[in-house]
Structures are given as C-alpha cells and as structure tokens.
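1. Fold the following for me, if possible:
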Amino acid sequence: MPRGYPKNRTEALAKRSESLKVDPIIRFCRKIRFDDNGCWIWTTPLPPDHYPQIRVDGRFVYAHRFSYEYFRGSIPDGYEVDHLCLNKSCVSPWHLEPVTPAVNSQRAGNGGYNKAKTHCPRGHPYDDENTYETPGRTHRVCRICSKEANRKWKRNQKELRGTMHQVEAG
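-> Coordinates of the predicted model:
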C-alpha cells in the first residue's frame, strides 16, 4: 500500500476527523483547479445530483453556494445560485449569480421550452379553459388528461376492492 494511506478503518476515520478540523475555506481551496476560462473546477467526485458539496459545521452544503457567500456575500431568501458559465462543477464566485427559481429555470432552458408548448403530450390544447397551473410551481396540467387519469385510477381502485372482497369471501 502506498505511503500515507491509512492501514485500517480506525486510522482512516481518525485521519478523516482530523481533516474536518481544518478551516472550511482551506478545505474548499484544496479541492479546486483553476481553468483557463476562469472556472474554478471542483476536483473531488460529484454526488448524484452533480453539484459539488463541502462539509461545513457538520453538515453538507453546496460548494457553489459556500463560495458565493464566502467571497461575495449572502444569498437572498428564496433565491438560487445560477451558474453563468453553465458548468455545474464550477465554484467560481464570479461565475455565479443569485436569481429567482423562475429565472434560473428559464436560463437553464426548462421554463422557456415548456412555456412555448401549446398542447399537452396527448394533443389537448394548453388554453385558459383546459389548463391548470399549480400555485407556487412552474408546471401546467392538462385538465382533460387529469380527469382521464382520475377516472382510470378510480376504476382500478373499484376493481381492486372487488377482488379483495372475493378473496375475503373465498
């Protein structure tokens, strides 16, 4: 085994707890690489949601939010941090901007793309009469499709109850 690696689990945990005692900004700086385009690239493996994280005061926080708050200032309540460079691995505070969730979604192409749709996937129109917009959310629901789905669910529940009664009686 190469020199410097822990020999067993106990030694590994001791080494890990020692590393967590280092100031978070020092640990943060050890995990970035500077790109020619100005991005600060996070070099450790990314979690499933693909956003870098760092442990601060015993809990994980997104590294890009940590970077913005450390170098630029606080993020307003209800705001998200948008990557202006479109690179999720970038933690450069100068490539980040606090924006509303709607703006962030629109910039990512999610809101604008779906807003441009005039019909649901089954071909029903997205108009005032047939469209329900969920309060506080950014998606629309086709009322016709929703009613059809509810009818199908109720029919399945009724059949399931009938099957359950047959099993109990049998």
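
2. Can you tell me the element D82 falls in?
-> strand 80-83 (DSSP states H and E).

3. elements contacting that strand?
-> helix 63-71, strand 96-99, helix 101-108 (3 or more CB pairs under 8 Å, 6 or more residues apart in numbering; DSSP states H and E). Glycine gets a C-beta too; all of them are placed from N, C-alpha and C.

4. quick one, strands of this structure?
-> Counting by DSSP state E, the segments of the chain that form strands are 32-34, 40-42, 53-56, 59-62, 80-83, 96-99, 131-133, 140-142.

5. I'd like to know which elements the last one is packed against.
-> Meaning strand 140-142. Packed next to strand 140-142, using 3+ CB pairs under 8 Å, 6+ apart, are strand 131-133.

6. mean confidence for the strand it packs on?
-> Strand 131-133 carries an average pLDDT of 86.

7. List the buried residues in the longest helix seen in the chain.
-> Identified as the longest helix of the chain according to DSSP state H is helix 143-169. By neighbour count on 16 or more other CB atoms under 10 Å, the buried set for helix 143-169 is empty.

8. Now do that helix: distance to the chain's middle.
-> Its chain's C-alpha centre and that of helix 143-169 lie 34 Å apart, by CA atoms, centre = their mean, to the nearest Å.

9. show me the contacts for T163.
-> With contacts taken as CB atoms under 8 Å, 6 or more residues apart in numbering, T163 has no neighbouring residues.

10. so how far is L46 from it?
-> 46 Å (CB to CB, to the nearest Å).

11. Likewise for R55?
-> 15 Å.

12. Same check on S146?
-> On the measure of CB to CB, S146 and L46 end up 36 Å apart.

13. Now do stretch 97-117: distance to the chain's middle.
-> That offset, for stretch 97-117, works out to 14 Å (CA atoms, centre = their mean).
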